[in-house]
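> return a 3D structure for these sequence lines:
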Amino acid sequence: MDLQIDDFYKDVAAGLLILFQSFPRKVSLYVEDLIGFEEPDEFGLPSKRHQSCLSALIWLAEEGFIRYESTIRFQALDQAVLTEKAFLRLTRCVVRQDPGLPPSVQRVQGTLAHQLREALHLHDSERLSHFARYLFEPAPMAAQSL
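Model prediction:
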C-alpha cells in the first residue's frame, strides 16, 4: 500500500481520537499534536507531511465526520468537534470482548475508538488500516433501525 495512505489512516485516527476525548467540547486541533514538528521548507511553507495531515482533517470535515469554524493558518482547525456520524461510529462495538469482563469494560474495550487507540499505541499499521476503513463504512442496516 502507498505510504501516504498509511499516514492518512494515522492522521484520521489520531485527529478523531483527540476530538473524541474532548467531546462534546470544541477544541483547536493542531497538526503538530498529531504528527510532531515538521520543519517548513526553504520558503516557510509547511512540509508535504504537514500539508497531508491538515488535508486529511479537512477531508474529514468535507465527508461529515467533524465540524470546525476556521483554520489557524496552516497549523490547526479551530473550534473542531465530532459530528453525530463520527461519534456514533466511534462508539459502536466492533470487537467482542471476554465475557468474564464487567459489561462496562466490554462496552468500552469493544468500541471502534478503543480499537483505533490500541492500534495507534502499538504502532500496528495493519490493524489501524483495518479499523480506519471500518470507520468509513456505514453502519449495517439492522443496527441503523435500532
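> which parts of the longest helix seen in the chain are buried?
Ranked by residue count and defined by DSSP state H, the top helix of the chain is helix 3-22. Across helix 3-22, burial judged by 16 or more other CB atoms under 10 Å covers 7-20. All C-beta atoms are positioned from the backbone trio N, CA, C, and that covers glycine.
> ditto for stretch 113-120
So, applying 16+ other CB under 10 Å, buried residues of stretch 113-120: 113-117, 119-120.
> can you put those residues in a markdown table and add pLDDT and distance to Arg25?
Converted to a markdown table, the buried residues of stretch 113-120 look like this (pLDDT from 0 to 100; distance: CB to CB, whole Å):
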| residue | pLDDT | distance to Arg25 |
| --- | --- | --- |
| Ala113 | 94 | 16 |
| His114 | 92 | 20 |
| Gln115 | 92 | 23 |
| Leu116 | 95 | 20 |
| Arg117 | 95 | 19 |
| Ala119 | 94 | 25 |
| Leu120 | 95 | 21 |
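> OK, contacts around Glu69?
Counting by CB atoms under 8 Å, 6 or more residues apart in numbering, Glu69 makes contact with 26, 78-79.
> okay, it: pLDDT?
Glu69 carries a pLDDT value of 96.
> what of the one 4 residues further on?
We note a pLDDT of 88 for Arg73 in this prediction.
> would you mind measuring from it to Ser28?
12 Å (CB to CB, to the nearest Å).
> what ranges do the helices span in this protein?
Under DSSP H, the chain gives helices at 3-22, 31-35, 48-62, 84-91, 103-109, 112-122, 125-136, 141-144.
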